[in-house]
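**Student:** Any chance you could fold what I've pasted below:
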Amino acid sequence: MGSPPEDAEEFRRAVADAEPLNHRKKVVHRRPTPPVPRQRLRDEQAALAESLGPLSLDDALEAGNELVYLREGYPRDVLRKLRRGHWVVEDELDLHGMNRQVAAVSVAEFMRHCRKRGRRCVRIIHGKGLGSRQREPVLKGLLRKWLLREEVLAFSQAPAAQGGSGAVLVLLKS
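**Tutor:** Modelled structure (predicted):
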């Protein structure tokens, strides 16, 4: 191994015929832009919108995208109290991972079970549809039909702390 001055001389000989690069051919490396967490941004926007809630109960009913029902003859105050979590949730059914057929049977059995046990307020978690093909809540739309039963007085989207747009609170006859 040579001494440092000899190494420097050897290097100069090795690069003696090298020419500087043309600036036009020079590649400028830009720092890569960090990935945008789009799903997290959508989740945060949805959580913010959900936390603010609709301006009023009437606005929510008119929008039509919320699961809301009040049996005829009952005051709107019943629905307002349900939406605000006035009644204690006594039982719950989670439909995550179920297909339409299994979910329909599960809801019917759950409602019979609740009626038999004298439950007054229950929660059904239908999910937000993020696992479905179109990333739309499939079971949410079907649940509206399944809950139009004799024993149901009202149902409404759950408060944010109890599942928000991924769950519904159901008020049953006592």
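
**Student:** Hmm, residue 174 is touching residue 118, no?
**Tutor:** Yes. Between residue 174 and residue 118 a contact is recorded at 7.5 Å, counting by CB atoms under 8 Å. C-beta: built from backbone N, CA, C; applies to glycine.

**Student:** Can you check the pLDDT for residue 40?
**Tutor:** We have a pLDDT of 84 for residue 40.

**Student:** ok, longest helix in this protein?
**Tutor:** helix 100-117 (DSSP state H).

**Student:** Okay, buried residues for that one please.
**Tutor:** 103, 104, 106, 107, 110, 111, 114 (16 or more other CB atoms under 10 Å).

**Student:** Name the nearest of the residues you listed relative to residue 26.
**Tutor:** Nearest to residue 26 among these: residue 103, at 61.4 Å, using CB to CB.

**Student:** mind listing what the closest residue to residue 167 other than its chain neighbours touches?
**Tutor:** Leaving aside its sequence neighbours, residue 167 sits nearest to residue 158 (CB to CB, 6 or more residues apart in numbering; 4.0 Å). Residue 158 sits next to 85, 123, 164, 166, 167, 168, 169 when contact means CB atoms under 8 Å, 6 or more residues apart in numbering.

**Student:** burial measure for the first one, as a count.
**Tutor:** The reference is to residue 85. Around residue 85 sit 17 other residues, with neighbours defined as other CB atoms under 10 Å.
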